[in-house]
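Visitor: Quick one: sequence plus predicted model below, questions after.
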Amino acid sequence: MNRLITLSFPEFKRLLTIVLFNFLLAQNGLAALNIAQTPLFLVPSALPIVMLNMPKDHQLYFKAFDDYSDLDGDGSPETTYKHSFDYYGYFDSYKCYDYVNDRFEPTTISINKYCSGQWSGNFLNWASMTRIDSIRKMLYGGLRSSDSTGETELERSYLPNDAHSFAKFYQGSDLAELTPFTESGGITLCNTTFSNGIFSQDVTDPPLMRVAKGNYSLWSANERWQ
């Protein structure tokens, strides 16, 4: 038995629109309609190439390489310096450095990252870099404390002497090939900001790295002042 279906004018209009739309798709294909993907009243502009979305909190100022992450994906955490891994930072992993004129200056190139009696750039990256330093180098080459036509000097981030300061202990048999030291008991590299012998959070002096004989890895274990 046939039924008579009654449509209101709005319903009839909506049904007619759907029928016409399907007809156009069948005749011309979807690509031929060239439907706008943005509102027509917007002025076209250049498409963004890179968009960065980063947090801006104090954890960016922690040490870049902790003692519990698996950096090379071998299933074991790196609890200390690992020579086979290239550490990222202001220093060139394949250069040797001397500490002169209150700064580290590159001297020679090393094909295996070892530097007899000198500082290995790879070791210095592990020992001294913070997370914000890695980001700064990646984005614009690093924080410049001085920049001229003939010379550019990079400076590590300011380290308040609270829980952001950190210590790195190393006791490997290759210590003399990574640093100027030959201590059998290892050395600890303590990183903070130090001003005129007084620890303070209101200083602008460059950060300091001091080397201590022996294991002082818990030096930075305090919640507040180090």
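Guide: That came through, no problem.
Visitor: Tell me the first helix or strand C-terminal of the lowest-mean-pLDDT helix or strand in the chain.
Guide: None of the helices or strands of the chain scores lower by mean pLDDT, DSSP states H and E than helix 30-33, at a mean of 53. Note on helix 30-33: by DSSP states H and E, the next helix or strand toward the C-terminus is strand 95-100.
Visitor: What's the first helix or strand after that next one?
Guide: strand 103-109.
Visitor: Name every strand pairing with that next one and say which way it goes.
Guide: Using DSSP bridges, strand 103-109 pairs in its sheet with strand 95-100 (antiparallel).
Visitor: then the partner strand to PDB, C-alphas only?
Guide: C-alpha atoms of strand 95-100 as PDB (Å, rounded to 0.1, in the frame of the first residue of the first chain):
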ATOM      1  CA  LYS A  95      87.800  18.700  19.900                       C
ATOM      2  CA  CYS A  96      90.200  19.000  22.900                       C
ATOM      3  CA  TYR A  97      90.100  22.000  25.200                       C
ATOM      4  CA  ASP A  98      92.400  23.900  27.500                       C
ATOM      5  CA  TYR A  99      91.200  26.100  30.300                       C
ATOM      6  CA  VAL A 100      92.900  29.400  29.900                       C
END
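Visitor: Show me what the mean pLDDT comes to for it.
Guide: Averaged over strand 95-100, pLDDT sits at 96.
Visitor: Test my guess that Glu155 contacts Leu143.
Guide: Yes: here Glu155 reaches Leu143: they are 5.3 Å apart, a contact under Cβ atoms under 8 Å. In short, each C-beta sits where N, CA and C put it, glycine included.
Visitor: Provide a list of residues in contact with His164.
Guide: Listed by Cβ atoms under 8 Å, 6 or more residues apart in numbering, the contact set of His164 reads 58, 61-62.
Visitor: what would those residues look like in TSV with distance to Val50?
Guide: Below are the contacts of His164 laid out as TSV (distance: Cβ to Cβ, whole Å):
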residue	distance to Val50
His58	25
Tyr61	24
Phe62	25
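Visitor: Quick one: buried ones out of those residues?
Guide: Buried members of the contacts of His164, counted by 16 or more other Cβ atoms under 10 Å: Tyr61.
Visitor: Looking at the contacts of His164, which is nearest Leu178?
Guide: Phe62 (22.9 Å; Cβ to Cβ).
Visitor: for the closest one, phi and psi?
Guide: Main-chain dihedrals, Phe62, degrees, to the nearest 10: phi -80, psi 170.
Visitor: I'd like the distance between it and Asn161.
Guide: For Phe62, the distance to Asn161 equals 14 Å [Cβ to Cβ, to the nearest Å].
Visitor: so where's this protein shaky on pLDDT?
Guide: Where the chain drops to pLDDT under 70, the residues are 1-37, 40-44, 195-204, 226.
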